[in-house]
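Enquirer: Show me the folded form of this:
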Amino acid sequence: MLFALSLLPAFLYLLLIIDALWGYRKPWWLREVPIPSRAVWPLVSIVAAARNEERKIAEGVRSLLALDYPAMELVVIDDRSTDRTGEVLQGIAATDPRLRIVTVRELPPHWLGKNHALQLGADEAKGELLLFTDADVVLEPTCLKRAVAYMEESSIDHLTCAPEMTGGTLALRMFVAAFSLFFSMYARPWKAPDPKSRAHVGVGAFNLLRTALYRKFGGHSRIAMRPDDDMKLGKLVKLAGGSQRFISGAGMVRVEWYSTLPEAIDGLMKNSFSGVDYSYGMLIGATVVQAWVNLWPFIGLLVCHGGVRVASAISAGMIIFVSGTFSRGGRMSPWFGFTFPISTVIFLYVLWKAAIRTSRQGGIRWRETLYPLDELRANRV
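Expert: Below is the predicted model:
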């Protein structure tokens, strides 16, 4: 029995590879999408929310305005900032009329701040397509043309890109490399295009979708209290019958997620528990699966003997290979595959710390605002 349990993770990871390779048969890199020669492009409304982003917002907003795209508008929502974010935005707007600023002074009840801001920005948008992004995300100039061309050629309603994570300490990059694999195991984004699959996907750095579909399903008002709004936006697209695709934005979409690992852990406090719908039962189940699939092979390799050790070694080798491959795909060192078990422990620590903190304080605290747990739980999608 222990031999089978030790070997099963290798089998599961093999299935993961086969599933991913089959799902990614179509173009996977946004940077490889050719730019067609066309006279008319659909109007794109870029919507970004910002709160106290004076350090990074200028670079992000200027990169959006520098996009090589002939038909676009940019709506940035200054969401109750208490620093110089508003001043920086006003200075940029004075030199480029394509930038429109919406200022939020007060947050209405039953809304998360970011979700409310994005809804306001979408309400102001005039474009045929909506691009939701973050104010500190930096886009390569040809990025939008490639993304729109991909959408038009593939006849899809929603395109989302995994950004390239830049900067940060070695410990943070190690965790980010593993986090991309955790995300893939959880979301199976390559299955999102399949209308028969429940898989759905969305990434806050780059969510491009058709405005008509967004308005049809009610926009962010349907996910007003969801801290995992990007993923749930993808789910709403699927529930509304829309088609979606997930591709890599490496070289096209980049963001400095956090600067250090402690910053990342603290930042993940706001949405980690929502990933299991605020359920301790689901949290325990996820912990058992993670411990068995991602940790036991390395433990078995050290403490067991004979066939069990061999089975554990096979599984551990498969995990290191897959994790290293995912790291390389995200332009990070494949050697991070060897640190995957450490990242797994950190990930479980984040999940449990987020759950305990959320329960103790009766909700999540995000950008100086406490959102009640009962309201968070009520907004199920």
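
Enquirer: how near is the nearest residue to Tyr69 once chain neighbours are set aside to Leu181?
Expert: Nearest residue to Tyr69 in three dimensions, chain neighbours excluded: Leu144, at 4.3 Å (C-beta to C-beta, 6 or more residues apart in numbering). C-beta coordinates here come from the backbone N, C-alpha and C atoms, glycine included. As for Leu144, its distance to Leu181 is 28 Å (criterion: C-beta to C-beta, to the nearest Å).

Enquirer: So between the two, which is more surrounded?
Expert: Leu181 (27 against 24; other C-beta atoms under 10 Å).

Enquirer: my read: that one touches Phe326, true?
Expert: Yes: with contact defined as C-beta atoms under 8 Å, Leu181 reaches Phe326; the gap is 4.6 Å.

Enquirer: Quick check: mean pLDDT of the helix or strand encompassing Phe132?
Expert: Secondary structure from DSSP states H and E places Phe132 in strand 129-134. Across strand 129-134, the average pLDDT comes to 96.

Enquirer: quick one: the helices in the protein?
Expert: Here the chain has its helices, by DSSP state H, at 2-23, 57-65, 85-93, 113-124, 143-154, 170-187, 211-216, 229-239, 261-267, 280-290, 296-303, 306-329, 340-361, 373-378.

Enquirer: got these as JSON lines, with distance to Val44 and mean pLDDT columns?
Expert: Below are those laid out as JSON lines (distance: least, C-beta to C-beta, whole Å; pLDDT from 0 to 100):
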{"stretch": "helix 2-23", "distance to Val44": "27", "mean pLDDT": "81"}
{"stretch": "helix 57-65", "distance to Val44": "11", "mean pLDDT": "90"}
{"stretch": "helix 85-93", "distance to Val44": "18", "mean pLDDT": "94"}
{"stretch": "helix 113-124", "distance to Val44": "13", "mean pLDDT": "95"}
{"stretch": "helix 143-154", "distance to Val44": "6", "mean pLDDT": "95"}
{"stretch": "helix 170-187", "distance to Val44": "25", "mean pLDDT": "88"}
{"stretch": "helix 211-216", "distance to Val44": "9", "mean pLDDT": "97"}
{"stretch": "helix 229-239", "distance to Val44": "17", "mean pLDDT": "96"}
{"stretch": "helix 261-267", "distance to Val44": "29", "mean pLDDT": "91"}
{"stretch": "helix 280-290", "distance to Val44": "37", "mean pLDDT": "95"}
{"stretch": "helix 296-303", "distance to Val44": "46", "mean pLDDT": "91"}
{"stretch": "helix 306-329", "distance to Val44": "27", "mean pLDDT": "87"}
{"stretch": "helix 340-361", "distance to Val44": "35", "mean pLDDT": "95"}
{"stretch": "helix 373-378", "distance to Val44": "32", "mean pLDDT": "93"}
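
Enquirer: could you dump these to TSV with distance to Val104?
Expert: TSV is the format used below for these (distance: least, C-beta to C-beta, whole Å):
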stretch	distance to Val104
helix 2-23	39
helix 57-65	15
helix 85-93	11
helix 113-124	6
helix 143-154	26
helix 170-187	30
helix 211-216	20
helix 229-239	16
helix 261-267	21
helix 280-290	33
helix 296-303	48
helix 306-329	37
helix 340-361	24
helix 373-378	19
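
Enquirer: Looking at these, which is nearest to Trp41?
Expert: Closest to Trp41 of the helices of the chain is helix 143-154 (C-beta to C-beta; 6.5 Å).

Enquirer: ok and the closest one relative to helix 57-65, angle-wise?
Expert: Here helix 143-154 runs at an angle of 40 degrees relative to helix 57-65 (axes from the mean of the first three to the mean of the last three C-alpha atoms, to 10 degrees).

Enquirer: Just the CA atoms from helix 143-154 would do, formatted as PDB, please.
Expert: Presented in PDB, the C-alpha positions along helix 143-154 are these (Å, rounded to 0.1, in the frame of the first residue of the first chain):
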ATOM      1  CA  CYS A 143       1.100  43.500 -26.700                       C
ATOM      2  CA  LEU A 144      -2.400  44.700 -27.300                       C
ATOM      3  CA  LYS A 145      -2.300  44.300 -31.100                       C
ATOM      4  CA  ARG A 146      -1.200  40.700 -30.600                       C
ATOM      5  CA  ALA A 147      -3.900  40.000 -28.000                       C
ATOM      6  CA  VAL A 148      -6.700  41.500 -30.100                       C
ATOM      7  CA  ALA A 149      -5.400  39.700 -33.200                       C
ATOM      8  CA  TYR A 150      -5.400  36.400 -31.300                       C
ATOM      9  CA  MET A 151      -9.000  37.000 -30.100                       C
ATOM     10  CA  GLU A 152     -10.200  37.900 -33.500                       C
ATOM     11  CA  GLU A 153      -8.500  35.000 -35.200                       C
ATOM     12  CA  SER A 154      -9.600  32.500 -32.600                       C
END
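
Enquirer: packing partners for that helix?
Expert: The criterion is 3 or more C-beta pairs under 8 Å, 6 or more residues apart in numbering; DSSP states H and E, and the helices and strands that helix 143-154 contacts are strand 129-134, strand 158-162, strand 207-210, strand 244-248.

Enquirer: Make a markdown table from the ones you listed and add mean neighbour count and distance to Ala286 to it.
Expert: Formatted as a markdown table, the helices and strands packed on helix 143-154 follow (neighbours: other C-beta atoms under 10 Å; distance: least, C-beta to C-beta, whole Å):
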| stretch | mean neighbour count | distance to Ala286 |
| --- | --- | --- |
| strand 129-134 | 25 | 27 |
| strand 158-162 | 25 | 22 |
| strand 207-210 | 23 | 25 |
| strand 244-248 | 24 | 22 |
